[in-house]
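S.K.: no sequence for this one, just the structure:
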C-alpha cells in the first residue's frame, strides 16, 4: 500500500507539534494533508536522505536545488504557510546553537523515534553529494580578504549575463527599484529602476563635470544614467569580470567612453580620489562586519570635503544577542557566499564613526518586495530559456531565494535603506538645503 505521504505527514506533525499547513505528495504517488493548499512534492527518496544527513534548512535546500523536492501551486503561499513552522520557531529556538539543538535531539525520545521512522521510509543510503550549484568553499583563510571576496562575488554574478537579462529585464539593475506607482496602478519594473537611479543622482546633487564613484557598479546602469542625464565623469568598479565586460560594451554603445570608466577593482584598491560623490547600491552587504569600519573609512577618504555618499543597503532586524547572528545557510551556500546583513542602526553608527555626517535615512522595504516579485515573474516567464542558459538547479536557486526574499521584505523580517551621508568639512558647511528632502519633490 502506498502510504509514504500519510506517514510523512504524521511524522512532521509529531515533530513540529502543529498541523502541517500544506499537502504532501510522495514518490509512491500517495498524498496526504489538507486539500486546496500548495503541494510539497517529494519526487525521490533521496530528499529524505538529504534531510537525514543534513537535518534542517541545508538539507531542504539541497533537496530543492537538486529537484528532489518541489512545490506545486502558489510558491509564495507555500513559503508563507511553512515559514512559521520551519524558520520562525520563536526567539528562543532561533538563538539556540546547532550543538545544543543536536544534543536536545539525541535526548528527546520522540525525536529519536521520528529519526528511526524517517530512516525506515528513506531506506539505507550513503550521503548524497551536494548539488553542483553549491559553493564548494575552495577558498581558505579569513573572511573578506581581497581574494576571497572576489571568488565569492564570482560565484554569484558570473553565471551568465544572458541569464541576468532574463531576470532583471532591460534595466540590468540588480537592486531595489523605487516604485512611484505600484504594478497594480500601471507601474513597471523598468520605470521603477529608472526612478531609483534618478533618485540616487538627485540625493547626491550631481552636476556636470563632477566625478562619481559607483562602488559595486554591476552592469553599469548607475554610471550610464549619471553620465547621460547629469553630465558627470563616472568610475564604476566591480569584482566580476562578466559584469565589467558587459558594462564596458554598454558604455561604448552609448558613446560615453570619454565619461565612463569600468574597472575590475576592489574598493580597497582605489587610489585616484578624491571624488565629488560616491554611490554604493546593494554592495555593502558583501563587505562583512569585520571589514565595515574599513569600508566606511575608505569611502570617507575617497570623498572631497562636502562630498556625498549614498549607501543603499539591505538591513536585518536586530538580534537580542548580536553575537548569535549567523547567515542563512541556503543564502550562504547557494546565493551570496560570505554575505552579511547588519541592522540599519549599526550601519549609520559605523558611517558616523568613520567621520561622515548622516543626513537622511529612507526606508524602502516595500519597494524591494515589489521588485523581487517582478524578477520572479520574469524568471518564470522565461523558465526554459533560463534553465538552458544556466542549469535547472541554478534557476531553482534563484526562484526560491527571490520568492522567499520578497516575503521577508513584506513581513518586515528584513528591510532596505538609502543612507545619505556627507563628508562635512570642519567649518560645518554641509551643502545640504534646509529642506533636505527637496529631491523628492
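M.R.: Yep, that arrived. Everything numeric here is computed off the predicted structure, so don't read it as measured data.
S.K.: any idea which element residue 298 lies in?
M.R.: helix 292-302 (DSSP states H and E).
S.K.: any idea which helix or strand comes after that helix?
M.R.: That would be, after helix 292-302 and using DSSP H and E, strand 303-316.
S.K.: Just the mean pLDDT for that next one, thanks.
M.R.: On average, the pLDDT along strand 303-316 is 98.
S.K.: which parts of the helix holding residue 298 are buried?
M.R.: Judged by neighbour count (16 or more other CB atoms under 10 Å), helix 292-302 contains these buried residues: 292, 294-300, 302. In short, each C-beta sits where N, CA and C put it, glycine included.
S.K.: Considering those, which is situated nearest to residue 194?
M.R.: Of all the buried residues of helix 292-302, residue 194 sits closest to residue 299, with 25.3 Å by CB to CB.
S.K.: Tell me how far the one helix or strand residue 167 maps to lies from the chain's centre.
M.R.: Assigned by DSSP H and E, residue 167 belongs to helix 161-168. Counting by CA atoms, centre = their mean, to the nearest Å, helix 161-168 is centred 16 Å from the centre of its parent chain.
S.K.: returning to that earlier point: including distance to residue 23, could the buried residues of helix 292-302 go into a markdown table?
M.R.: Output for the buried residues of helix 292-302, formatted as a markdown table (distance: CB to CB, whole Å):
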| residue | distance to residue 23 |
| --- | --- |
| 292 | 44 |
| 294 | 50 |
| 295 | 47 |
| 296 | 49 |
| 297 | 53 |
| 298 | 52 |
| 299 | 51 |
| 300 | 55 |
| 302 | 55 |
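S.K.: Following the chain onward from the helix holding residue 167, which element is next?
M.R.: Next along from helix 161-168, by DSSP H and E: helix 189-203.
S.K.: buried ones in that next one?
M.R.: Quick answer for helix 189-203 (16+ other CB under 10 Å): 189, 191-201, 203.
S.K.: of all these, which comes closest to residue 177?
M.R.: Residue 177 has its nearest neighbour among these in residue 192, at 3.5 Å by CB to CB.
S.K.: OK, contacts around the closest one?
M.R.: Residue 192 makes contact with 177-180, 367, 370-371, 374 under the criterion CB atoms under 8 Å, 6 or more residues apart in numbering.
S.K.: Can you give me the distance of it to residue 371?
M.R.: Residue 192 sits 7 Å away from residue 371, taking CB to CB, to the nearest Å as the criterion.
S.K.: on that earlier part again, ok, and the most crowded of the contacts of residue 192?
M.R.: residue 371 (28 neighbours; other CB atoms under 10 Å).
S.K.: any idea what sits nearest that residue, other than its immediate chain neighbours?
M.R.: residue 177 (4.4 Å; CB to CB, 6 or more residues apart in numbering).
S.K.: Is that neighbour in contact with residue 197, as I believe?
M.R.: No. With contact defined as CB atoms under 8 Å, residue 177 does not reach residue 197; the gap is 9.3 Å.
S.K.: Which residues does the helix holding residue 298 contact?
M.R.: By CB under 8 Å, 6+ apart, helix 292-302 touches 213, 215, 267-268, 270, 273-275, 278, 280, 284, 287, 309, 342, 347, 350-351, 353-356, 423.
S.K.: Okay, angle between that helix and strand 303-316 too, please.
M.R.: 150 degrees (axes from the mean of the first three to the mean of the last three CA atoms, to 10 degrees).
S.K.: give the contact list for the residue nearest to residue 371.
M.R.: With CB under 8 Å, 6+ apart, residue 177 has these contacts: 189, 192-193, 195-196, 367-368, 370-371, 374.
S.K.: which among the residues you listed gets closest to residue 59?
M.R.: When these are compared against residue 59 (criterion: CB to CB), the nearest one is residue 368, at 28.1 Å.
S.K.: so after the strand or helix carrying residue 362, what's the next helix or strand?
M.R.: According to DSSP H and E, residue 362 maps onto strand 357-363. Downstream of strand 357-363, the first helix or strand assigned by DSSP H and E is helix 365-381.
S.K.: Which parts of the stretch 201-350 of the chain are strands?
M.R.: 211-215, 233-238, 260-264, 275-281, 303-316 (DSSP state E, counting those that start in this stretch).
S.K.: Nearest to residue 438, out of those?
M.R.: Counting by CB to CB, residue 438 lies closest to strand 303-316 out of the strands of the stretch 201-350 of the chain; the figure is 14.1 Å.
S.K.: Check the offset of the closest one from the chain's centre.
M.R.: In this view, strand 303-316 has its centroid 19 Å away from the chain centroid, taken as CA atoms, centre = their mean.
S.K.: Stretch 352-366 now?
M.R.: So, by CA atoms, centre = their mean, the centroid of stretch 352-366 is 20 Å from its chain's centroid.
S.K.: before we move on, what about stretch 122-130?
M.R.: Its chain's average C-alpha position is 30 Å from that of stretch 122-130, according to CA atoms, centre = their mean.
S.K.: how far does that stretch stretch from start to finish?
M.R.: Across stretch 122-130, the terminal residues are separated by 17 Å (CA to CA, to the nearest Å).
S.K.: next one: stretch 313-333
M.R.: 21 Å.
S.K.: quick one: low-confidence parts of the stretch 51-200 of the chain?
M.R.: Counting by pLDDT under 70, the stretch 51-200 of the chain has low-confidence residues at 84-112, 114-115, 136-159.
S.K.: Which residue ranges of it form strands?
M.R.: 69-72.
S.K.: residue ranges of the helices in it, please?
M.R.: For the stretch 51-200 of the chain, the helices defined by DSSP state H, counting those that start in this stretch cover 57-66, 75-86, 91-95, 98-107, 109-122, 146-157, 161-168, 189-203.
S.K.: got the angle between the first one and helix 75-86?
M.R.: In other words, helix 57-66. Orientation of helix 57-66 against helix 75-86 (the same axes, to 10 degrees) gives an angle of 160 degrees.
S.K.: got it, and the last one?
M.R.: For helix 189-203 and helix 75-86, the angle between their directions (the same axes, to 10 degrees) works out to 70 degrees.
S.K.: tell me the angle of helix 189-203 relative to helix 161-168?
M.R.: Orientation check (the same axes, to 10 degrees): helix 189-203 against helix 161-168 gives 90 degrees.
S.K.: re earlier: hey, what's in contact with both of residue 192 and residue 371?
M.R.: Common neighbours of residue 192 and residue 371 (CB under 8 Å, 6+ apart) are 177, 179.
S.K.: what angle sits between the helix holding residue 298 and strand 211-215?
M.R.: Between helix 292-302 and strand 211-215, the angle comes out at 170 degrees (the same axes, to 10 degrees).
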